[in-house]
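*Asks:* Sharing a sequence plus its predicted fold:
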Amino acid sequence: MKRLVGFLVVFGFVLSTLPLSAFAIKSDEAEFNAFLVEINWEKQDYLNYLASKDWSLDEFETIDELGTPLTEKGIQLLTEKLEMTRTELNELLYEYGDLEYGEDVLDGVYLIFIEDVEYFSEFYLDDYTGTPIDDENLQELMDNFGFASEQELEEFLQGYSDSLENYDFIEDLEESLLFYTEMDDYELDFNGLFTELGLTEEEVERLIAHLETLNYEDPAFEEQLTQLSDRMMAMEDFETADELTAEQIAEMMDIYSDMINLFELKTTYFFVKDGVKKPVSLATLMTLQSTEGADLLIEIYNLKDVFLADVLLTADMFGSDLIADTGKDLGAVETIISTPTVTQKPTVSTPSATKTVKGGKLPVTASNFVPTLLFGLALLLSGVILFRRLRAEKI
């Protein structure tokens, strides 16, 4: 199931970037220039360093995601602070998968900033120790999370099939509380997402029931997921939807068709305008230059022609910020599900709408229209599956 969710999140995120190109940090941004002054690095030297690690500035959306490049002096100061030798630091990072065997910390390509190396090294070193729970630190933790009593905290934990009895260290209890509370926040976001797409609670339940009939453990199913993922990732290297060739659009349609078949679904399409519902074929959608203000209704059925749900992509969604924002939200949710919050770097936060550089709307061309259409279904499936996983955590 984790592979499935990861695939759908990647699918939604990759497609969400197709019509939009203004999310990455720009090298001429004032904020980026101020950051370089702060860390005392020249712009070209910094860009060259990223390139040497097979990274680029385009892969970062906010300044908060950047850090100070690794240097010999920086590593020496860090090992002194951690009271470790260089060999011990390399062995620690290798043990946790941040370095390849025999690789030096300066040569790594995963942790490329000194702040990251310091944070994760300290986290790994603290992994084997903790602060025993006592009356004082438990009360402080309850105050921080707004619990009036130990009984109230226990009732909250039992709502997740958990208990205070399962914890010896206060750090472990705090991790779980952060995880549970962030799960609640994202479930509320999913409810808003479903509403945005015109989904009712009954439709979500029908989609969940259908997806649960699929055999995700089948090696053939996994293999098809992997192949679809590889094909999608091969299409990432362009800036705007206008750069898509006819062959790339055809490939996107093949991916879409294969995904529909893999999830044992059927889809029909309608334009809706002024209360009038007009059927339209997928082939026609590929050639459209404009929806002429009409909304696109996608009806979803199983292979027995049983109606499951419909998704409404309004005219305003084509080329809008909704796609990019939701793609990032889904990626954040998967991170929350798969990794305890404590492991998140304190200097890196999920990009927010106020922090993102919004691009202007692109013309609604065929190459813009098709990615949005494909994203609608990918967004729906990934949202439903992640929602199901979040809800299952509470059972």
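*Replies:* On my side now, so go ahead. Bear in mind the structure is a predicted one, so any value in this text is a computation, not a measurement.
*Asks:* Show me where the stretch 51-200 of the chain has its helices.
*Replies:* Remark: helices assigned in the stretch 51-200 of the chain by DSSP state H, counting those that start in this stretch are 72-82, 86-95, 114-125, 135-145, 150-158, 170-196.
*Asks:* Show the contacting residues for residue 277.
*Replies:* Contact analysis of residue 277 by CB atoms under 8 Å, 6 or more residues apart in numbering lists 270, 271, 297. Glycine gets a C-beta too; all of them are placed from N, C-alpha and C.
*Asks:* what stretches of the stretch 1-150 of the chain score poorly on pLDDT?
*Replies:* Residue ranges of the stretch 1-150 of the chain with pLDDT under 70: 1-28, 127-129.
*Asks:* now do 50
*Replies:* Filtered on pLDDT under 50, the stretch 1-150 of the chain yields the residue ranges 1-23.
*Asks:* Wait, a strand at residue 277?
*Replies:* Yes: applying DSSP: H, G, I helix; E, B strand; the rest coil, one finds residue 277 inside a strand.
*Asks:* Residue 312 versus that one, what's the distance?
*Replies:* Using CB to CB, to the nearest Å, one gets 11 Å for the distance from residue 277 to residue 312.
*Asks:* Could you find the closest non-adjacent residue to residue 262?
*Replies:* residue 224 (5.4 Å; CB to CB, 6 or more residues apart in numbering).
*Asks:* Looks to me like the one you found is in a helix.
*Replies:* Yes: under three-state DSSP, residue 224 falls within a helix.
*Asks:* could you redo the helices of the stretch 51-200 of the chain as JSON lines and give each row mean neighbour count?
*Replies:* Shown next, in JSON lines, are the helices of the stretch 51-200 of the chain (neighbours: other CB atoms under 10 Å):
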{"stretch": "helix 72-82", "mean neighbour count": "14"}
{"stretch": "helix 86-95", "mean neighbour count": "16"}
{"stretch": "helix 114-125", "mean neighbour count": "18"}
{"stretch": "helix 135-145", "mean neighbour count": "13"}
{"stretch": "helix 150-158", "mean neighbour count": "14"}
{"stretch": "helix 170-196", "mean neighbour count": "16"}
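*Asks:* I'd like those helices written out as a markdown table, with distance to residue 104 added.
*Replies:* Below are the helices of the stretch 51-200 of the chain laid out as a markdown table (distance: least, CB to CB, whole Å):
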| stretch | distance to residue 104 |
| --- | --- |
| helix 72-82 | 9 |
| helix 86-95 | 6 |
| helix 114-125 | 12 |
| helix 135-145 | 39 |
| helix 150-158 | 43 |
| helix 170-196 | 31 |
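*Asks:* Quick one: closest of those to residue 53.
*Replies:* Residue 53 lies closest to helix 114-125 among those, at 11.7 Å (CB to CB).
*Asks:* Just list what the closest one packs against, helices and strands only.
*Replies:* helix 72-82, helix 86-95 (3 or more CB pairs under 8 Å, 6 or more residues apart in numbering; DSSP states H and E).
*Asks:* contacting residues for residue 262?
*Replies:* For residue 262, the contacting residues are 221, 224, 225, 228, by CB under 8 Å, 6+ apart.
*Asks:* number of nearby residues for residue 218?
*Replies:* 10 (other CB atoms under 10 Å).
*Asks:* swap that for residue 284, please
*Replies:* Residue 284 has 11 neighbours, counted by other CB under 10 Å.
*Asks:* In which helix or strand does it reside?
*Replies:* Assigned by DSSP states H and E, residue 284 belongs to helix 282-287.
*Asks:* average pLDDT across the following helix or strand past that helix?
*Replies:* Downstream of helix 282-287, the next assigned helix or strand under DSSP H and E is strand 295-302. Mean per-residue pLDDT for strand 295-302: 86.
*Asks:* now do stretch 306-318
*Replies:* 74.
*Asks:* same thing with stretch 203-221?
*Replies:* Rounded mean pLDDT across stretch 203-221 is 80.
*Asks:* just stretch 276-286 next, same as before
*Replies:* The average pLDDT within stretch 276-286 is 79.
*Asks:* Pull stretch 294-302 out as CSV, backbone CA atoms only.
*Replies:* Only the C-alpha atoms of stretch 294-302 are listed here, as CSV (Å, rounded to 0.1, in the frame of the first residue of the first chain):
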residue,chain,number,x,y,z
ALA,A,294,-17.5,25.3,-19.3
ASP,A,295,-16.7,23.0,-16.4
LEU,A,296,-15.5,19.5,-17.0
LEU,A,297,-17.4,16.7,-15.3
ILE,A,298,-15.6,13.3,-15.0
GLU,A,299,-17.9,10.4,-14.1
ILE,A,300,-16.2,7.3,-12.7
TYR,A,301,-17.5,3.8,-12.9
ASN,A,302,-16.2,0.3,-12.0
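*Asks:* Now that stretch: buried residues?
*Replies:* Neighbour-count burial for stretch 294-302 flags 294, 295, 296, 297, 298, 300, 301, 302 (criterion: 16 or more other CB atoms under 10 Å).
*Asks:* In this structure the second one contacts residue 310, no?
*Replies:* No: the pair residue 295 and residue 310 fails to qualify as a contact (CB atoms under 8 Å) at a distance of 11.1 Å.
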